Structure formats: structure tokens, C-alpha cells
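Chemist: make a model of this:
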Amino acid sequence: MQSQDVAPRPAPSSGAVVDVEQAEAALVEHYPRLVRLAYLTLPPSLGRNRRVLTAHALTQRALPRGRAAGDASVIPTQQSGGGRDGDPGYAFVRLQVVRMALEAGLPLKRWAWPKRSQLPPFLPQVWGLRLFPRSGGADELTLDQRLSALSGPARAAYVLRALDKLADPRLRQVLTAAGVEDPAAALKEASAVEARDALLDSPEFDPCSLQARPTDLMRRRQHMKAALVATAAVAVCGALLALPGDGWGPDGAAAPSYAQNPAAEAALDPARVQRVAPAAWETSARTDFSVWPARGGLVDDSALLRRALAVWARPGDSVHVAGTPGTPTGAPPGPPQLLYAGIVDQARVVLFYDGLRVVRYAEAKDGTSGTALDFARVDGAKGAEASAVLLGRADGNVRYLTAPWVTRAAERDLLKPSAGAMDLTLSADGSTSPLAGPPASGACTSWNVLQVEDSSGSRLLTDLGELIPAHLTAGRPAAPREAAGAENLREWAPIACSLASARSQGVRTVNAWGYARQPLPDGSGSAAWVCTRADTWRGVGTRVMAQFRTPGGTYGAVVAQAENSPACGSRDPQVLAGVLWKSGAGAWYLLAAGGKGTASVEATGGVRGSAAGPLLTVRTTQGSRAELKGTLTDGRHITGLH
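Modeler: Presented below is the predicted three-dimensional model:
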């Protein structure tokens with residue numbers, strides 16, 4: 001906590017009476033938002049599991065104590081108007097939640113009783129499980145770190161401004177009513193953090209959408225058995241557990257464990273970690289992670305490997321755990337394969353592979369603080385998809401560990417296809433020198449990708465905020481080509497910035513297919529239609545986008561998109577999309593295009609027209625809406641992407 005504090009609740013000068021039924025209705029209706037508000041305002045030092053339970057407890061205690069209107073609490077007069085802030089019931093419970101969340105962050109005083117909100121919540125309680133929100137991407141992690149550095153009142157100000165869109169005058173009233181002594185200072189401190197309102201809606205900050213992980217299962221089982229054994233036997237067992245032995249040694253940021261069993265020891269013993277011979281890949285028919293040798297300067301550091309394995313099995317509350325969507329984050333099923341252990345920038349990094357996942361453990365070089373654990377699903381990866389793994393990110397730069405068969409690595413800007421590739425230093429252990437990562441936010445003026453080369457040619461890989469970079473291809477979905485060719489680079493250049501929409505989605509490959517060119521009705525040239533499809537490691541969550549680019553245009557415009565659609569993919573390579581386009585003379589047209597297998601296109605609804613073949617041009621007016629339907633040469637019907 002910083003110098004700001006929370007004062008006792010001031011008595012309001014004027015107010016509106018809220019009875020318990022009105023407050024209860026508001027709490028039930030807006031419960032997820034109120035819990036999110038409490039979770040984000042609570043101090044991160046509590047740990048994610050306790051923050052989740054405390055946020056729910058504080059929200060559930062926000063109701064007035066009396067049931068009659070005459071016994072109800074009084075809240076400051078609300079502004080007129082609709083919405084949540086115009087609802088006195090919601091404003092009351094929000095104020096209660098903010099006040100208690102701020103109190104929970106106050107330090108305990110030596111000679112004073114702690115406030116109820118400063119104690120661990122009595123209810124709700126979850127036995128046998130640790131609960132925490134789903135992990136987000138790099139942007140969410142950055143925002144969480146910046147919010148952690150704020151004082152409690154400043155966090156409350158930032159969150160109220162972002163979630164409830166409160167203007168500063170109203171925000172000062174709420175903070176004052178919540179007991180903040182200096183609301184102006186809290187607003188100033190909150191304004192120093194860049195506004196990223198959309199990120200607060202991420203699952204990273206949603207304490208109502210949770211992941212569950214068991215507590216120490218062996219310890220629980222031991223306690224259950226001990227309850228059925230005589231007192232003397234319990235004492236003997238306790239004495240045996242307390243005896244010194246070889247053990248596993250210091251476990252760093254791992255949660256405590258008080259029981260050992262043979263299967264767990266085998267999986268977490270650094271001496272049993274699998275190591276592949278350095279030249280095994282040269283004679284193997286496989287090109288996947290199973291033939292990667294163990295590399296790096298710390299592969300023989302047993303203490304580091306022991307900590308990494310222990311944290312993987314039992315990550316403590318201080319460990320930041322992240323994973324691509326659909327990736328299990330549980331303990332290793334057996335002794336994993338070691339891919340890398342070494343120093344990367346200011347961190348010690350360990351990479352493991354267990355047949356399904358690549359797992360990255362990182363700790364600060366000067367200690368075990370700031371420990372992170374990242375999971376990426378890689379089942380079925382081979383060739384380009386198993387050519388590189390993220391080692392670390394620092395100052396907007398990215399380092400990769402490349403496959404042993406990679407002979408050359410380079411950095412290329414997709415927006416400049418004719419600029420050539422800039423060679424990267426490839427060390428003896430296969431790690432690259434830093435390359436600039438794609439823009440995390442703001443204007444997209446470059447999109448740098450990793451180009452790797454082996455005996456079969458060059459491949460392009462792009463960082464989308466995860467451990468495994470996405471493989472970029474081009475051409476017809478049934479037979480995609482590597483994107484590193486000159487023609488394919490020119491096709492990727494106008495649409496490269498659209499890759500930002502696939503960040504942190506667990507994307508495996510992204511294919512770009514220029515499926516049509518359409519003459520413009522004013523004679524100014526031909527427009528290009530490109531379909532991009534991002535396929536994920538988990539098979540669902542695919543994203544399909546149709547982009548339209550006019551002659552002379554620098555970037556393609558996304559005009560239609562769909563999720564979990566087979567369109568533009570190997571199973572169904574057909575696609576149909578349309579756009580309203582304004583000519584240089586000011587006339588409006590509906591332009592639509594399908595692939596080569598489209599026999600006819602028809603528009604209905606606000607615009608009506610049809611054409612034989614894959615292209616449709618219809619004169620229309622601004623703001624018109626149309627439904628597109630296409631008929632394929634085999635008689636099948638398709639609809640347009642929306």
C-alpha cells in the first residue's frame with residue numbers, strides 16, 4: 001500500500017433510502033460485475049485464490065442489514081439518468097463493495113482489532129480445490145502488473161472508470177463516500193496507467209469464470225487416514241514424517257508438500273528427466289519435439305530442474321500460470337523430456353516436453369521471485385510447427401530456441417516484402433539473438449516474423465503472444481504453400497496487421513488465400529479478395545476473415561468474419577463475402593465475390609441482384625444491408641460470411 005489510506009465512512013449530507021429488496025435485486029443482477037470490481041480492487045498480495053474467495057465474500061456481504069425501508073442504509077444522492085449508476089440499489093452495493101475491498105488492503109495494526117474484511121473470508125469456502133481465473137495473454141499480464149503497483153484507492157478509481165464509465169466528478173463522490181481521504185490523488189495516480197478498458201473484460205480478471213486445481217492430494221488423504229487411527233499411531237506417523245531424509249530439496253516457489261509417493265517422485269526427480277542424444281534427430285524419421293536434444297548452459301543444474309519440476313506440480317500463489325486456450329495445466333504425468341535450461345536475459349529458463357505440452361518455467365536470475373509457468377499444447381506438431389519455442393520476451397524483443405535441424409534464422413518485416421530478411425545470430429545451443437516482436441498495441445507500422453531455414457526450405461513463424469509461434473502459409477486451403485516465397489510475401493503484406501486479432505488464441509497456423517479479383521465498376525482497376533484462416537491447436541475456436549483491398553490501398557479491410565466455420569479451410573475451401581463500396585464519383589455498390597468453384601451469387605434483403613459466376617456487382621445506396629447466397633458448381637449452397 002502507498003501513502004493513501006481509507007478513512008472511516010463519512011456521513012452523507014443527503015441521500016436516498018435503499019431497502020434490502022432493492023439492493024438484493026441489484027446485487028443479483030450485477031453480481032459478476034461487482035465481484036470483478038472487488039477482485040481488481042483487492043491487493044494482489046493476497047494471492048489469486050484468496051482474492052477470488054474474498055471478492056465473492058465481500059460482494060455477498062454488501063446488502064443492508066435491515067429488511068424494512070426505515071432501517072435501510074443511506075447512500076449519497078444519485079445522478080439522474082438511466083443505467084447502472086442511476087439505480088440506487090446498484091450504487092449502494094457498489095459503494096459497499098469498494099469500501100470493504102479498500103479496507104481489506106489496509107495493513108493490520110498492532111493494538112487494534114482487525115476489520116472483518118481484513119480477515120480470510122468465512123464464506124464462501126472451497127475445500128480441496130484452489131480456484132483462480134483463467135490466464136490471459138501478455139497484454140493482460142502487463143496490465144495486472146501495472147495495477148499491482150497502484151495503491152488501493154487508485155486501483156478502485158481505475159476500475160470504476162473503466163468498468164462503470166464514471167466521469168471524474170462522480171468518481172470523486174464515490175471514492176469520498178467509500179472513505180478515501182484524497183480522491184484527487186487517487187484519480188491522478190490511476191490516470192498514469194494507460195486506459196485499456198477492453199482488457200478488464202478478459203477472463204484473466206473474471207473471478208466468476210474459474211479454473212480449479214486440487215490442493216495437495218496426498219496430504220488430504222493422509223489426514224483422512226490419520227483421523228481413523230489411534231492417537232499413538234498418529235504420533236508415530238507424525239514423527240516419521242518429521243524425520244530428515246534426502247527429500248527433494250528446496251522447491252522454490254512451489255506450494256508445500258508433506259507426502260511423497262513413488263509415482264510423484266519419479267515424475268519430479270531431476271535425475272529421471274529424459275534427455276535425447278544430440279544427434280538423434282539426424283537419423284530419426286520424425287521432425288517433432290520428441291527428437292530435440294537437451295540444450296543450454298544449465299542442463300546439469302539439478303537444483304534448478306528440481307525447482308522447475310516442483311513448481312510445475314504444485315505452483316504456489318505467487319507463481320503466474322498461463323496457458324494457451326484448451327491446454328491442461330496439471331502436473332507432469334511422468335518424467336518429462338528436457339529441451340532447454342539456461343540463462344535468457346535476466347532469467348533462468350527451463351523448457352520441458354511431455355508428449356502433449358511444452359512447458360516453460362522462468363525465475364529471476366538473482367532469486368526465485370517473479371516465477372512464471374507457461375503451457376502450450378503441441379500435440380501433432382511437426383516440421384514448421386516444431387521449429388521454434390519462445391525463450392523470453394524483454395523490451396519488445398523476442399528470443400527463440402530453434403529446432404536442431406534449423407540451419408539459419410532471420411528477421412523479416414511482413415509489411416515490407418521486398419526489403420529482404422535480416423540474419424539473426426544462431427548460437428551453438430540453437431537460441432536466436434533478439435528480434436523485434438510484432439506491435440502489442442497502437443499503430444501497426446511493422447510486423448516482424450521469424451524466418452527459419454532447413455534442408456527443405458524457408459518457413460515463416462509469427463509471435464502471437466504464446467510459447468509456440470504460429471506457422472504462416474499461403475495459397476489454396478487444400479494445398480497451402482510456405483509464405484516465405486516472393487509472391488506469397490506480397491500477398492501477406494496488406495493483411496499482416498490483421499494477425500493482431502488472433503493474439504493469445506492458441507493459434508497453430510494462419511493461411512492467406514487470394515481467392516478472387518474483381519473489376520471495379522468505375523473502371524479504376526481490380527480489387528483483391530483475400531481469405532485468412534487461423535486454425536488452433538485445440539481444433540475449435542478457428543477464425544475466418546475475408547479482406548478487401550482496392551488498387552493502391554496499403555492495407556486490406558476486414559469486411560466479414562466467422563468463428564468455428566469450415567469456410568476457407570481444407571474441409572471446405574469455399575468462401576463468399578461482400579462489401580459496400582463507394583466509387584470515386586460518389587456512387588455506392590454492393591460488391592461480392594466467391595471462389596472459383598462458385599457458379600452464381602445472389603443478393604437478397606435490402607439489396608437485390610444476382611450474377612452468374614463468382615462475382616456480383618449491384619448498384620445500391622449507403623447503409624443498405626444484404627444477405628448473400630452462392631451456388632457452387634456441384635449444386636451445393638453457401639452463405640456469405642458476416
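Chemist: do I have it right that residue 179 meets residue 98?
Modeler: No - assessed by C-beta atoms under 8 Å, residue 179 is found out of contact with residue 98, at 9.0 Å. C-beta: built from backbone N, CA, C; applies to glycine.
Chemist: more neighbours, the two?
Modeler: residue 98 (29 against 18; other C-beta atoms under 10 Å).
Chemist: please name the nearest non-neighbouring residue to the more buried one.
Modeler: Distance criterion C-beta to C-beta, 6 or more residues apart in numbering; nearest residue to residue 98, sequence neighbours excluded, is residue 178 at 4.5 Å.
Chemist: over to residue 276?
Modeler: In space, residue 276 is closest to residue 293, 5.0 Å off (C-beta to C-beta, 6+ apart).
Chemist: contacts only, for the one you found.
Modeler: 275, 276, 277, 278, 279, 280, 281, 404 (C-beta atoms under 8 Å, 6 or more residues apart in numbering).
Chemist: SS state for the fourth one?
Modeler: Taken by DSSP: H, G, I helix; E, B strand; the rest coil, the conformation at residue 278 corresponds to coil.
Chemist: please name the nearest non-neighbouring residue to it.
Modeler: residue 293 (4.4 Å).
Chemist: helix, strand or coil for the one you found?
Modeler: Under three-state DSSP, residue 293 comes out as coil.
Chemist: how near is it to residue 520?
Modeler: 55 Å (C-beta to C-beta, to the nearest Å).
Chemist: kindly report the same for residue 576.
Modeler: Counting by C-beta to C-beta - residue 576 and residue 520 are separated by 19 Å.
Chemist: format the contacts of residue 293 as CSV; extra columns: distance to residue 463, pLDDT and neighbour count.
Modeler: Shown next, in CSV, are these (distance: C-beta to C-beta, whole Å; pLDDT from 0 to 100; neighbours: other C-beta atoms under 10 Å):
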residue, distance to residue 463, pLDDT, neighbour count
275, 28, 95, 11
276, 26, 95, 19
277, 30, 94, 11
278, 27, 93, 12
279, 30, 92, 11
280, 28, 93, 14
281, 24, 94, 18
404, 21, 96, 19
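Chemist: format those residues as JSON lines; extra columns: distance to residue 413.
Modeler: Shown next, in JSON lines, are those (distance: C-beta to C-beta, whole Å):
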{"residue": "275", "distance to residue 413": "38"}
{"residue": "276", "distance to residue 413": "35"}
{"residue": "277", "distance to residue 413": "38"}
{"residue": "278", "distance to residue 413": "34"}
{"residue": "279", "distance to residue 413": "35"}
{"residue": "280", "distance to residue 413": "35"}
{"residue": "281", "distance to residue 413": "31"}
{"residue": "404", "distance to residue 413": "27"}
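Chemist: average pLDDT for stretch 442-451?
Modeler: For stretch 442-451, the mean per-residue pLDDT is 90.
Chemist: buried residues, that stretch. List them.
Modeler: By neighbour count on 16 or more other C-beta atoms under 10 Å, the buried set for stretch 442-451 is 447, 448, 449, 450, 451.
Chemist: cool, and stretch 607-624?
Modeler: Buried residues in stretch 607-624 (16+ other C-beta under 10 Å): 607, 609, 614, 615, 616, 617, 618, 620.
Chemist: ok, now which ones touch the third one?
Modeler: Read that as residue 614. By C-beta under 8 Å, 6+ apart, the neighbours of residue 614 are 516, 593, 594, 595, 596, 597, 598, 601, 630.
Chemist: swap in the last one?
Modeler: Counting by C-beta under 8 Å, 6+ apart, residue 620 makes contact with 580, 588, 589, 590, 606, 607, 626.
Chemist: the second one pairs with what?
Modeler: Residues found in beta-bridge contact with residue 588 (criterion: DSSP bridges) are residue 582, residue 620.
Chemist: shaky segments in the stretch 201-350 of the chain?
Modeler: By pLDDT under 70, the low-scoring segments of the stretch 201-350 of the chain are 213-265.
Chemist: no wait, the chain
Modeler: Using pLDDT under 70, the chain drops low at 1-18, 65-86, 108-123, 127-128, 130, 132, 135-138, 213-265, 367-369.
Chemist: mind listing the helices for it?
Modeler: 20-29, 31-41, 48-60, 88-104, 138-148, 152-163, 168-177, 183-191, 217-227, 231-242, 262-268, 280-283, 302-313, 486-492 (DSSP state H).
Chemist: okay, the ones you listed in a markdown table with distance to residue 642 next?
Modeler: Shown next, in a markdown table, are the helices of the chain (distance: least, C-beta to C-beta, whole Å):
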| stretch | distance to residue 642 |
| --- | --- |
| helix 20-29 | 30 |
| helix 31-41 | 28 |
| helix 48-60 | 36 |
| helix 88-104 | 34 |
| helix 138-148 | 27 |
| helix 152-163 | 29 |
| helix 168-177 | 38 |
| helix 183-191 | 38 |
| helix 217-227 | 47 |
| helix 231-242 | 62 |
| helix 262-268 | 47 |
| helix 280-283 | 45 |
| helix 302-313 | 42 |
| helix 486-492 | 24 |
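Chemist: still on that earlier bit, which of the contacts of residue 620 sit farthest apart?
Modeler: The largest distance within these, taken as C-beta to C-beta, falls between 589 and 606 and amounts to 13.4 Å.
Chemist: who has more neighbours, those two?
Modeler: Ranked by neighbour count (other C-beta under 10 Å), residue 589 and residue 606 place residue 589 first, with 20 against 13.
Chemist: correct me, but that one touches residue 621?
Modeler: No - with contacts defined as C-beta under 8 Å, residue 589 does not count as touching residue 621, sitting 10.0 Å away.
Chemist: domain ranges for the chain?
Modeler: 15-213, 262-380, 384-573, 574-642 (automatic domain parsing).
Chemist: near residue 552, how many other residues are there?
Modeler: 7.
Chemist: now for it: which residues touch it?
Modeler: By C-beta under 8 Å, 6+ apart, the contact list for residue 552 reads residue 525.
Chemist: what's the separation between it and residue 504?
Modeler: From residue 552 over to residue 504 (counting by C-beta to C-beta), the distance is 33 Å.
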